[in-house]
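Enquirer: Take this sequence and fold it.
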Amino acid sequence: MSGSSCPMNFTQCIEIRVSPLNVPGLVVELNGRIVRFTCFHSGFIGARVQVSEQQDEVQMQLTWLSKEHSKQALANAKNGEPDLFHIAHQFQASSIIFRTFIVAADVRATC
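Expert: Reported below is the predicted structural model:
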């Protein structure tokens, strides 16, 4: 394994709790938003959409080169880019939580 203990990158996490029946559609919507809009912003590194084992929560993680890059992406949202509150409402979310993190270490397997 290789690791780094240097501070780097900035991650935004959005957790949306919905009925299990709404999870598949929410996953498609969030993934589509990333593919159509988010990935074209400067400083975008990658994204992940995950579903809880209980099938009642979807988490979207966006990783940026820096906090400034994420702020620029928010400030320069493209016309037609769906708002996360609108998406949460559309899928009848019971809660939505926004969190941000600065990556302090990154350990990956090496082959």
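Enquirer: gap between R17 and R33?
Expert: Using Cβ to Cβ, to the nearest Å, R17 is found at 18 Å from R33. No exception for glycine: its C-beta is placed from N, CA and C like everyone else's.
Enquirer: Kindly confirm my reading that L62 is in a strand.
Expert: Yes. Assessed with DSSP: H, G, I helix; E, B strand; the rest coil, L62 lies in a strand.
Enquirer: Quick check: beta-bridge partners of it?
Expert: Q12, A47 (DSSP bridges).
Enquirer: Look at stretch 96-111 and report the distance between its end residues.
Expert: End-to-end distance for stretch 96-111, by Cα to Cα, to the nearest Å: 38 Å.
Enquirer: Now that stretch: buried residues?
Expert: Residues of stretch 96-111 classed as buried: none (neighbour count, 16 or more other Cβ atoms under 10 Å).
Enquirer: now the helices: where do they sit in this structure?
Expert: In the chain, the segments counted as helices under DSSP state H are 23-36, 67-75, 84-90.
Enquirer: can you tell me which of the ones you listed comes nearest to S42?
Expert: For the helices of the chain, proximity to S42 was assessed by Cβ to Cβ; helix 67-75 is nearest, at 6.1 Å.
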